[in-house]
Each structure stands twice: as structure tokens, then as C-alpha cells.
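1. what shape does this take:
(one chain, ligands or ions: 2)
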Amino acid sequence: MHLSQYASLFAGAFKAPHGYVKGFIVSHFYRRHGATRFLILDNFCKVEREIVSTFAAKVDRLEPNWKLEQRMLVLGIETSCDETGIALYDGERGIVAHNVYSQVEIHAEFGGVVPELASRDHIRKTTPLIKQTLAAASVALATVDAVAYTRGPGLVGALLVGSSVARSLAFGLDIPALGVHHMEGHLLSPMLDDDPPAMPFLALLVSGGHTLLVDVQGIGDYRILGESLDDAVGEAFDKTARMLGLGYPGGPAVEQLALQGRSDRFRFPRPMTNRPGLDFSFSGLKTYTLNTFNEHRDDVEARADIARAFVDAVVDTLVIKCRRALAQTGLKTLVVSGGVSANRALRDGLSRLARTLDVAVHYPKLEFCTDNGAMIAYAGYCRLRAGAADPLAYTVQPRWSLDSLSRVSQS
Ligand code: KG4
Ligand code: ZN
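-> Numbers count the residues shown, from 1 in each chain. Ligands and ions are numbered 1, 2, ... in the order given. You can find the predicted model right below:
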């Protein structure tokens with residue numbers, strides 16, 4: 001809420017004890033600590049005006065034109081799902097420290113993320129992890145120039161934890177805060193590499209909640225070319241893992257089991273590849289996998305062969321769609337990110353495609369594939385540097401389309 005909204009509240013409050021209140025202290029706590037101002041009440045109307053104008057003036061300061069240097073230090077806070085990720089990004093040195101606390105053990109017994117448990121654990125972990133990250137970088141909290149946090153998409157309670165901590169911290173430090181789109185974080189995560197991709201590029205975003213093909217012309221200049229009509233790729237991995245009795249999280253477990261499987265035993269469908277278009281659908285593949293599993297329940301070796309057939313089908317499908325999207329856009333660089341981009345078979349398939357087409361391909365470092373604070377700190381940095389900052393009021397956006405973001409002019 002803006003303080004301007006309090007102006008009438010204060011003015012109203014003065015009406016009741018009119019004639020008795022002799023002064024009003026306004027603490028300018030927002031401008032790097034405590035200049036106070038004492039207003040003498042000699043004339044109610046004048047005072048009321050003064051209160052209103054005081055608050056109006058404060059509001060001007062609440063949305064200042066932050067002058068942030070290239071060399072700014074951004075604290076990134078990611079709490080959209082089941083990982084608490086904290087990082088410090090320095091405009092000149094890059095990531096100076098980052099920590100991820102995974103809630104895997106908490107959710108494992110339930111076979112998937114339990115939102116309420118996720119929120120509660122973020123509450124426990126966010127502040128200690130911030131302290132730990134600052135200590136690892138030998139950086140004092142007071143030297144942080146801005147805070148970037150994940151505003152969405154994600155689990156509403158989990159998002160609210162990180163957003164509240166970020167917003168309060170920024171308020172207390174009198175620095176700007178910025179809510180970041182989680183998928184923009186993933187999309188930009190390969191930029192943290194020593195050899196970052198140059199824009200424009202085609203992005204394949206493959207995570208637990210999204211499968212997207214995006215034409216990226218610049219930061220915030222995104223055109224979604226294709227997306228999943230049902231399950232995301234990561235979700236299909238997780239459900240397949242559960243069905244094969246591999247537990248949660250599923251992606252890495254299916255990947256490992258598939259390595260032991262034969263590629264010539266089963267052939268699963270490559271969904272939506274025999275018709276034009278760049279959208280995806282993975283729920284049919286999941287059902288096909290389940291049916292095959294049910295037919296071979298007593299065959300111990302079948303599990304690995306099924307995992308292999310599933311991975312091969314996913315990789316082939318993604319390769320076919322990337323080939324199509326590259327041909328359609330004429331783009332010469334492919335960027336692959338999100339949790340599933342950690343998958344070796346997928347990297348091998350896409351790297352082969354890139355070699356065939358003479359296209360450059362970039363993946364994030366393995367530690368930045370799954371959710372982390374570094375990608376949020378970096379995406380926040382790109383936007384803060386261009387002058388973006390949130391007002392004091394903050395909202396989270398559990399659903400948020402990537403192509404609704406504003407373009408950032410790059411200098
Ligand atoms: O990006 P991410 O950490 O979270 C979301 O934004 O959703 O992605 C998590 C997803 C999970 O579904 C997980 O099973 C999958 O990424 N994943 C993998 C691998 N590592 C993580 N899928 C396949 N192979 C992997 N190695
Ligand atoms: Zn993610």
C-alpha cells in the first residue's frame with residue numbers, strides 16, 4: 001500500500017482529538033534512517049493540508065528514480081516452489097555467492113510438492129540462507145544495492161514468503177526491490193556462463209511447470225512460439241518416475257534408470273510431431289508409458305527399457321520441435337534452460353541437431369538448471385539497471401505469461 005493512501009487516514013484520525021493534539025512527528029524512516037519532523041498544530045485545516053502534503057511528498061520519494069550503477073550488488077531470492085535459492089550478483093564480478101536449499105526430503109514421502117509444507121519451510125530457511133550467502137561473499141547487508149525476488153509463476157504461499165522478505169528487506173535498507181518472472185530467470189540463466197549467448201536466440205524452456213519455445217529478440221522481448229497444452233516435460237518425468245516407483249524428484253532418477261535400458265525394445269510415440277506447429281503435449285506419452293508398464297509389471301528389466309523409451313521419445317520430440325522452430329525463425333542460436341536442461345540425453349540430442357544445422361547451442365551450468373537464486377538476481381539486475389523498480393505495494397503472480405513482460409532497453 002502506498003503511504004499516500006494513509007494520508008486521509010491520518011487526517012481523519014486528527015479530527016477526533018481536535019484541539020488536544022499539539023504536535024505530530026513524522027519520521028522520514030524511508031530515506032536512509034530517521035530524519036524526523038515535528039509539525040505544530042495551530043490550525044486544523046492547515047495541519048490537515050500539511051499532513052496530506054507531507055505524505056504526498058513521501059510518496060514521491062517512495063518511487064524515486066533510483067540511480068543504480070552498473071557496479072551494483074543485487075540480492076536474489078527465489079522461493080517459487082520447493083527450493084530456497086539465494087544469490088548475490090555483482091554487476092562487474094558476476095555471481096559472488098549463491099546457495100540453494102532443496103526441500104526434497106520434506107516432500108519425498110508425499111511423492112510430490114506439498115504447497116503448505118513448502119511455504120513453511122521457505123519461512124524457516126530464507127533469512128538464514130541470506131545470512132549464509134552474505135557471509136560466504138564476505139559482504140555486509142548494508143552494501144546490497146537492490147533486491148530481486150521471484151514474483152511468479154509458482155505456488156502462491158511460497159512466492160509470498162520470498163516476496164515479503166525481499167520487500168521488507170529493501171524497505172529497511174532503503175533500496176529498490178523488483179519482482180522477477182521465474183521463467184525469465186531460467187531463460188537468462190545461460191547468460192551467467194563464461195561464454196554467454198548473444199541475442200537474438202531461440203529459447204527452449206523445459207521445467208517442471210513449463211515447456212516453452214520462445215523467440216527472444218532482447219531482454220523482455222519474448223514471443224512464445226509453442227507451449228505445452230497439458231503436462232510440462234518435467235512434470236511428465238516426475239509422473240513417469242512415480243509410476244516406475246522411483247520417487248520424487250523424478251527427472252534425475254528416470255535419467256539414471258534409462259541409462260541401463262535398451263533403446264530397441266519399445267518405441268513410444270513422439271507427440272504432436274506428425275502435424276505442423278510448435279506446441280507440445282506430454283500427457284498422452286505419460287499414459288502410453290503407464291500402459292506399457294502395466295503390461296510388463298512382472299518383468300524386472302522392463303522398467304529400465306521403459307525409462308529409456310520414455311527419454312528417447314521426449315528427446316526426439318524436443319529435437320524435432322527445435323529443428324522446426326529454428327527453420328521457422330531463421331535464428332542461429334539455441335538456448336536450452338530449466339530443470340530438464342540438466343538431462344544429458346537431451347543435451348546430446350540438441351547438440352547433435354545444432355551441429356547438423358550449424359547453430360550455436362547454450363545450456364546453463366548444471367548448478368543453474370534447476371531453481372536457484374542466481375538466475376533471479378541476474379534477471380533482476382538486468383531490469384534494475386534499466387531503471388525498473390517496484391512500488392512498496394507488492395503482489396505475487398502465481399500465473400504470469402512470459403510474453404506480457406516489458407522490453408528492457410540494453411545499453
Ligand atoms: O526448473 P525447475 O527446477 O523447476 C521448475 O521451474 O519447475 O525444474 C524442475 C523439473 C522437475 O520436473 C525435475 O524432475 C526436472 O526438472 N529435472 C530433470 C532433470 N533434473 C531435473 N528432468 C530430466 N532429467 C534431469 N536430469
Ligand atoms: Zn524453475
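2. residue numbers of this protein in contact with ligand 2?
-> Ser207, Asp371 (Cβ under 5 Å from the ion). Using the backbone N, CA and C atoms, a C-beta is placed for each residue, glycine as well.
3. have a look at the chain and report the helix or strand with the lowest mean pLDDT.
-> strand 35-40 (a mean of 44; mean pLDDT, DSSP states H and E).
4. which residues of the stretch 1-150 of the chain fall in strands?
-> 23-28, 35-40, 73-78, 83-90, 94-102, 146-152 (DSSP state E, counting those that start in this stretch).
5. tell me how many other residues surround the nearest residue to Ala177 once chain neighbours are set aside.
-> Closest residue to Ala177 apart from its sequence neighbours, by Cβ to Cβ, 6 or more residues apart in numbering: Ala170 at 3.5 Å. Using other Cβ atoms under 10 Å, Ala170 has 23 neighbouring residues.
6. got a list of what Ile306 touches?
-> Counting by Cβ atoms under 8 Å, 6 or more residues apart in numbering, Ile306 touches Leu244, Gly261, Phe266, Thr289, Thr292, Phe293, His296.
7. with Val214 instead?
-> Contacts of Val214 (Cβ under 8 Å, 6+ apart): Leu187, Leu202, Ala203, Leu205, Tyr222, Arg223, Ile224, Leu225, Leu402, Asp403.
8. the residue nearest the centre of the chain and Pro197, how far apart?
-> Closest to where the C-alpha atoms of the chain average out (Cα atoms, centre = their mean) is His182, at 2.0 Å. The spacing between His182 and Pro197, counted by Cβ to Cβ, to the nearest Å, is 20 Å.
9. find the closest residue to ligand 2 in the stretch 101-250 of the chain.
-> With Cβ to the ion, the shortest gap between the stretch 101-250 of the chain and ligand 2 falls at Ser207, namely 4.4 Å.
10. so what's that residue up against?
-> Ser207 touches Met183, His186, Ala232, Val233, Gly234, Gly338, Gly339, Val340, counting by Cβ under 8 Å, 6+ apart.
11. write out the residues of this structure neighbouring ligand 1.
-> The chain comes close to ligand 1 at residues 81, 186, 207-209, 234, 237-238, 249-252, 255, 338-340, 342-343, 370-371, as judged by Cβ under 6 Å from any ligand atom.
12. how near is the residue lying closest to Gly247 once chain neighbours are set aside to ligand 1?
-> With Cβ to Cβ, 6+ apart as the criterion, Gly247 has its nearest non-adjacent residue at 6.0 Å, and that residue is Ala108. Distance of Ala108 to ligand 1, given as Cβ to the nearest ligand atom, to the nearest Å: 13 Å.
13. thought Ala108 was touching Arg242?
-> No: applying Cβ atoms under 8 Å as the test, Ala108 and Arg242 come out as separate, 11.3 Å apart.
14. okay, and the common contacts of those two?
-> Counting by Cβ under 8 Å, 6+ apart, the residues touching both Ala108 and Arg242 are Tyr248.
15. show me which of the two is the more surrounded one.
-> Using other Cβ under 10 Å, the more surrounded residue of Ala108 and Arg242 is Arg242, with 15 against 12.
16. pLDDT value on Leu392, please?
-> Predicted confidence (pLDDT) at Leu392: the value is 80.
17. how near is it to Phe293?
-> 52 Å.
18. how about Ile77?
-> In terms of Cβ to Cβ, Ile77 sits 40 Å off from Phe293.
19. same check on Thr287?
-> With Cβ to Cβ as the criterion, Thr287 and Phe293 are 10 Å apart.
20. give me phi/psi at the residue of the stretch 301-411 of the chain found nearest ligand 2?
-> The nearest approach of the stretch 301-411 of the chain to ligand 2 comes at Asp371, 4.3 Å away (Cβ to the ion). Main-chain dihedrals, Asp371, degrees, to the nearest 10: phi -60, psi 140.
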